[in-house]
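[1] Can you look at this prediction? I've put the sequence above it.
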Amino acid sequence: MSRWRTATGGRVDRTRTLAFRFDGTRYEGLAGDTLASALLANGVHLVGRSFKYHRPRGILTAGAEEPSALVTVRRDSARVTPDLRATQLELYEGLDALSLNRWPSLERDVGRINDWLSPLFPAGFYYKTFMWPKSAWKSLYEPVIRRAAGLGVAPTEPDPDRYAQCYAHCDVLVVGAGPAGLAAALAAADQGARVLICDEQSEFGGSLLADRHATIDGGPAAAWVAHAVADLAANPRVVCLPRTTAFGYFPHNLIGLAERLTDHLAAPAPHAARERLWQVRARSVVLATGAVERPLVFPGNDRPGVMLAGAGRTYLNRYGVRVGARVVLVTATDAGYEAAIDLHDAGVEIAGIADLRTAASGELPAAARAAGIEVTASATVLGTSGNRRVAGITIAQISSAGSSAARRTLACDAVLMSGGFTPSVHLFSQSRGTLRWSDDHQAFLPDRSAERERSAGACRGVVDLAETIADGLTAGAESAPSRTATARRIVATRPRSSDGGHLGAVPLASGASQKSFVDWQHDVTIKDLAIATREGFRSIEHVKRFTTTGMATDQGKTSNLNALAIVARAIDAPIPRVGLTTFRMPYTPTTFGTFAGPSRGDLFDPVRRTPIHDWAAAAGAVFEDVGMWKRARYFPQPGEDMHAAVARECRAVRSSCGLFDASTLGKIEVVGPGAAEFLERLYVNSWANLGVGRCRYGILCREDGFITDDGVVARLAADRFHVTTTTGGAPRVLAMMEDYRQTEWPDLEVWLTSTTEAWAVIAVQGPNARDVLRGCVEGIDLEASAFPHMSVAAARICGVEGMVMRVSFTGELGYELNVPADYGLEIWKAVHAAGAAHGGITCYGTETMHVLRAEKGYIIVGQDTDGTVTPVDAGLSWAVGRKKPDFVGRRSLQRQSMQAPDRKQLVGLRARDGRTLLDEGAQVADRPNQQPPMQLIGHVTSSYESAVLGSPIALAMVAGGRARIGQTLYVPMPGGDVEVDVVSPVFYDPKGERINA
Amino acid sequence: MLLIPCPHCGERPEIEFTYGGEAHLVRPADPSTLDDAAWADYLYMRTNTKGVHAERWRHARGCGRFFNALRDTTTDRFLATYRIGEPRPAIAAGGAR
Amino acid sequence: MPEAPARHVPSLPSADWMSPLPPATRLAFQGGLAARAAAARVFPLPDAQAVCQARCDGDRAGLWLGPDECLLLAPATTGAAALLEALRSAIGTAAHSLVDVSHRQVGLEIRGPQAERILNGACPLDLSLEQFPVGRCTRTVLAKAEIVLWRTQAQHFRVEIWRSFAAYAAALLQEIARDYVV
Ligand SMILES: [Zn+2]
């Protein structure tokens, strides 16, 4: 056992020794230690280098507020977590931790030169110095700054761990399981409430875990904690979550919790989730988040070995670790005396207590003096000494004239300080509750709640233990939905120690040669804050951004109030007027894994597959993502690339027969007596005159007159329409339809049902399509005279009741078989077999479909249109119902500018050389060889090799395009301008003879 | 994530809803009678209220119904929700919790 | 002419706590009060005011999905055509919409003491028995998929989900269940 570990006491398990490594050196600790307590037990105080000046840094605190003792924990090459607080890391056998911000080593750090050069690095330095020359930023300044700065290094391998997520609901969520939180949970549970209580520490109890002086219900505090925890654990309506940080308070009492499940284990089960995100919706919330002890801002206060008094007490009482052999206390509260007495009782020499207050009187100072400890009142600190650990501290008494007297240097190996307590109002503030400044407490306290929430205990300035517990009991009981049980009583006594305190720098600090640190993590000193105020910054929000105080990962838990006080004093304004920066989630850094949860890899997003997908995959299809759908893009045969496969598929459709899976098309059944009128009002087309059994190409505009979707609409009955939409547009169109149906035209008796997934859709396209289908379809005469283009009818398809539409997106004779989805695969196979028996059938994918439709000048909404294209622009004025008094978008289309002849219009483009494939998205110009700024009159929207035409084709939106047909235009491409002929967008079979075959 | 009281289903989490913009904008019965300015006003101009805002929501992944809500845009508090066609309730900011 | 070919439902995993349900007949009913009352004479349908409640009669159930919307579930042996015919003749001229959605979605049963927790891994509703009792049903979300969730017994839930989302939902629930069931 090291000399720093006490012989007895604390909550560590002295029978279980754990080996661990820090920067490669092997140490031993005990089960129940944190990394911080184990390092201190080995006499290690130097644990890192600071962010900016690379100064040696130690352990400041014993909790989540730690700004300084940050480490990287490495389990294997992929499990590397930077920026963990050593004060929260539970020790396990084999823990391997590394310090941050040092190169080449913690002991000899080259960046330390920044400290000696610190006059060159004042606040705002980055903003001012690296401005010029501009070219140096990327090549010189940024790489150097990036190497020198930053907190830790992210691993390069994918995170191999699992992360879980869940939703939970409760009547009362209690955040924090210290005395107030435990009391609140007990009281709420007594009333029968569903309770969830969480605490970021490994065990419940909060401050009571390190308390020697409290008596609760007649016994030691630890015994009461054990009893309370057992009570809660035994209650089936209570969920207890240790190792769980409430990191965010979201609207309407949704609280985000991050539960750490395996980080404390030496050998987690192989596939156990590492962390779990809880999204808790609470009827009421009790915040019992406690308070954070404040450092004192004095010269040399960042030397390793200088830490908070409460931390020193916690290391002793909870972990059985003495933080030094000869300790000096610097304090502005009685809490410093409490630490001194505890350490003294544990055999630590107390070299002296420097009290900033003029009078050091009361129960605890008297007890300290009685123990023989020397107390200096009206004290200040002039500096500290020591290289990698504090070795001495110079204190002085402030005379009535304000100068220093009785200056003395005390040798020591640790300095404990207590500047008072800052209530943890982070979550309260995140909930949009308002804060008020309390002169009594010298702190911001919760004022008005925005949610069904109440704060209890130290986080709202209640300091006495009995009052804290009573406050928790009241909060818990009053948060319960019903109050029938009699209220619980808990009797607690404890010396009052946390009154008082000091804000800002200690007297005479500003004249000292040593730096006085305010923000340990971002290396902000009182001098930086002074510069900010000299530069004219008055609001703390501005000072914060100029100096970066409070902007590190600790969010200034230990620094914000001191910074505020220093600024307030510098500009002679009261603290509330300087303001308070916004508290943002997360309370402590939270892993990306926790937020991602299971949504990664295959579960990142649903992958939607059609009923025919597996067949296509087996046939070698290459798939593309269309929304969440996987669609077969082309079916390469051995040796074929995409170009060759698509050319073959195109030729097959044009010359014999192709088979295409169109199941992803959106489908909406519009049913009811008002169905025709509904579509009449919505789509640009006329519907009243569409006969039953007939189909029509429909265009849907938004109210602004621009095309938002298109698709074939089939009239199945007088009061029933089968509306198809684009694959990606289905949910949007259905939502838009519901909007008009429910909110604008509730007079219409019409209802909408999505049938996208009810049907598998098999497109059979090509001159042989009829022959192929003859043996597959019963109940329809497929001859052109009986079942012409744009017909629809119910039919028996390969033995199954379905629906045949004679429609074509290829320009060929074509049918789309709609069959119940579960039968889709077998019917696809049957049609495929029938095709083989009729001269062959070729499966084609979306790429071929795109080429074929482009050859016909059919647009794809979202590719050839971009939300600024009207039906007239797209050459679809024939579809617009001219006689209709109104439809969605009509009024906008009537605007003069919507009919201007120079609007961009759909045209075809063909490269004059007959070879060049234009880039989709390329611009179109009417003059060649322009220099920037160029005059551009349009852009290419679609561009393909056309196997059938033997040359590339393109669709484009060109200003006044239809009037330019026959002209030559220019498309700037990487190799120079390409001369193009403007042609009709219908490249193939302009008379439409094939489609009507 | 807000908790939104659907007038049909009760309080449900925001991810079940879609937002529908400002409420009580009635599509003109005959838009062709409006001049361009009046049409643009209907189409684009919104009050962008700071405070109590009447807005549309749809319980899209629930009962599917559109409804109107009074929400205080400064606090996200829902003061009332009511069905399409019902008049806007007379409630001032801070009037309900 | 060929006989009806084999029917393929999406292939989904099974576990002690999860089973894909056999094919079923499903109708989407929408309509006003008159049509609803008439339809209720031949099929168990919840009243319009019976918010988020299912009404069962043997192996047939009507699920309240909205004030004018119900999902009708029956065994596949009750053909959709026959059911549609019975409903249409009962409803007569009252305006309504009936659409056969039997093949649009699939059913998944989630059961056992961990069913609630597994579903709450991705469903944001309070699924405790006091807030989501037996017989309650609703459209809701399961992570990035939309589902209809129906508690058929204290430890049994039926999830109805569009067929192309079913594999995602089942895989997601399996991933969630790894932390709750051995
Ligand atoms: Zn609803």
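    Nice, I can see it.
[2] can you tell me how far the residue nearest in space to the middle of chain A sits from residue C:143?
    Compute the mean C-alpha point of chain A, and by Cα atoms, centre = their mean the closest residue is residue A:595, 6.2 Å away. With distances taken as Cβ to Cβ, to the nearest Å, residue A:595 is found 14 Å from residue C:143. To be clear about C-beta, it is placed using only N, CA and C from the backbone, and glycine gets the same treatment.
[3] hmm, back to that, how about the residue nearest to the centre of chain A, secondary structure?
    helix (DSSP: H, G, I helix; E, B strand; the rest coil).
[4] what pairs with the spatially closest residue to it that is not a sequence neighbour across the strands?
    Excluding its sequence neighbours, the residue lying closest to residue A:595 (Cβ to Cβ, 6 or more residues apart in numbering or on different chains) is residue A:277, at 6.6 Å. Following DSSP bridges, residue A:277 is listed with bridge partners residue A:165, residue A:258.
[5] and residue A:277, what does it touch?
    A:163, A:164, A:165, A:166, A:256, A:257, A:258, A:259, A:594, A:595, A:597 (Cβ atoms under 8 Å, 6 or more residues apart in numbering or on different chains).
[6] May I have the top helix by length along chain C exported as CSV, CA atoms only?
    For chain C, the longest helix by residue count, based on DSSP state H, is helix C:163-177. The C-alpha coordinates for helix C:163-177 follow below in CSV (Å, rounded to 0.1, in the frame of the first residue of the first chain):
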residue,chain,number,x,y,z
ARG,C,163,-44.1,-5.0,-46.5
SER,C,164,-41.0,-3.3,-47.6
PHE,C,165,-40.4,-1.9,-44.1
ALA,C,166,-40.9,-5.2,-42.4
ALA,C,167,-37.4,-6.6,-42.8
TYR,C,168,-36.0,-3.3,-41.3
ALA,C,169,-38.4,-3.4,-38.4
ALA,C,170,-37.8,-7.1,-37.6
ALA,C,171,-34.0,-6.6,-37.8
LEU,C,172,-34.2,-3.5,-35.6
LEU,C,173,-36.3,-5.3,-33.0
GLN,C,174,-33.8,-8.2,-33.0
GLU,C,175,-31.0,-5.7,-32.4
ILE,C,176,-32.8,-4.1,-29.6
ALA,C,177,-33.8,-7.5,-28.1
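[7] Going by neighbour count, which residues of that helix are buried?
    C:163-177 (16 or more other Cβ atoms under 10 Å in any protein chain shown).
[8] In the chain, where is pLDDT below threshold?
    No chain in the question, so chain A it is. Scanning chain A for pLDDT under 70 picks out the ranges A:1, A:101-104, A:110-114, A:116-151.
[9] Wait, chain C was what I had in mind.
    C:1-2.
[10] Tell me the secondary structure of residue A:849, please.
    Going by three-state DSSP: residue A:849 is helix.
[11] Pull the number of nearby residues for it.
    Using other Cβ atoms under 10 Å in any protein chain shown, residue A:849 is surrounded by 27 other residues.
[12] quick one: it from residue A:532, how far?
    Using Cβ to Cβ, residue A:849 is found at 63 Å from residue A:532.
[13] Residue A:396 too?
    28 Å.
[14] Ok, residue A:269 next?
    51 Å.
[15] who's in contact with the residue nearest to the spatial centre of chain B?
    For chain B, residue B:55 is the residue whose C-alpha lies nearest the centre (Cα atoms, centre = their mean; 1.6 Å). Residue B:55 makes contact with B:19, B:20, B:21, B:22, B:23, B:68, B:69, B:71 under the criterion Cβ under 8 Å, 6+ apart.
[16] helix, strand or coil for it?
    Using three-state DSSP, the secondary structure recorded for residue B:55 is strand.
[17] element containing residue A:815, please.
    For residue A:815, the host element (DSSP states H and E) is strand A:814-820.
[18] what's across from residue C:161 in the sheet?
    In this entry, residue C:161 is beta-bridged to residue C:106, residue C:147, by DSSP bridges.
[19] who's in contact with it?
    Residues in contact with residue C:161 (Cβ under 8 Å, 6+ apart) are C:105, C:106, C:108, C:142, C:145, C:146, C:147, C:148, C:169.
[20] Check whether the fourth one really touches residue C:119, as I assumed.
    What it means is residue C:142. Yes: Residue C:142 is within contact range of residue C:119, at 7.4 Å (criterion: Cβ atoms under 8 Å).
[21] Now do the end-to-end distance for stretch A:661-668.
    End-to-end distance for stretch A:661-668: 18 Å, by Cα to Cα, to the nearest Å.
[22] Now look at it and say if it contacts chain B.
    No: with Cβ under 8 Å from any Cβ of the partner chain as the criterion, chain B is not reached by stretch A:661-668; the gap is at least 13.6 Å.
[23] now that stretch: how far from the chain's centre is it?
    Distance, stretch centre to chain centre, for stretch A:661-668: 34 Å (Cα atoms, centre = their mean, to the nearest Å).
[24] Okay, buried residues for stretch A:711-728 please.
    Using 16+ other Cβ under 10 Å as the test for burial, stretch A:711-728 gives A:711-716, A:719-728.
[25] ditto for stretch A:75-87
    Neighbour counts over stretch A:75-87 (16+ other Cβ under 10 Å) mark A:75, A:80, A:81, A:82, A:83, A:84, A:85, A:86, A:87 as buried.
[26] what about residue A:572, neighbour count?
    Using other Cβ under 10 Å, the number of residues around residue A:572 comes to 6.
[27] do residue A:616 as well
    If you count neighbours by other Cβ under 10 Å, residue A:616 ends up with 22.
[28] Quick check: it touching residue A:634?
    No: applying Cβ under 8 Å, one finds residue A:616 not in contact with residue A:634, separated by 10.4 Å.
[29] hmm, back to that, near chain A, from the buried residues of helix C:163-177?
    Okay, of those touching chain A (Cβ under 8 Å from any Cβ), that's C:163, C:164, C:165, C:167, C:168, C:169, C:171, C:172, C:175, C:176.
[30] Okay, and the beta partners of the residue of the stretch 101-250 of chain A found nearest chain B?
    Closest to chain B within the stretch 101-250 of chain A is residue A:250: 6.1 Å, counting by Cβ to the nearest Cβ. According to DSSP bridges, the partner residues bridging residue A:250 are residue A:254.
[31] Contact partners for it?
    By Cβ under 8 Å, 6+ apart, the residues touching residue A:250 are A:256, A:430, A:585, B:1.
[32] Which residue is the nearest non-sequential neighbour of the second one?
    With Cβ to Cβ, 6+ apart as the measure, residue A:249 is the residue that lies nearest to residue A:430, at 4.0 Å, once sequence neighbours are left out.
[33] I'd say the one you found and residue A:280 touch.
    No: the criterion here is Cβ under 8 Å, and residue A:249 misses it with residue A:280 at 10.5 Å.
[34] ok, the most centrally placed residue in chain C - contacts?
    Nearest to the geometric centre of chain C sits residue C:160, at 4.3 Å (Cα atoms, centre = their mean). Residues near residue C:160 by Cβ under 8 Å, 6+ apart: C:26, C:71, C:73, C:105, C:106, C:107, C:108, C:147, C:148, C:150.
[35] Residue A:386 too?
    Contacts of residue A:386 by Cβ under 8 Å, 6+ apart are A:303, A:304, A:305, A:392.
[36] Where does chain B get nearest to chain C, which residue?
    In chain B, no residue comes nearer to chain C than residue B:63, which is 3.9 Å away by Cβ to the nearest Cβ.
[37] Distance check, that residue against residue C:64.
    With distances taken as Cβ to Cβ, residue B:63 is found 8 Å from residue C:64.
[38] what residues do the two have in common as contacts?
    Listed as contacting both residue B:63 and residue C:64 by Cβ under 8 Å, 6+ apart are residue C:51.
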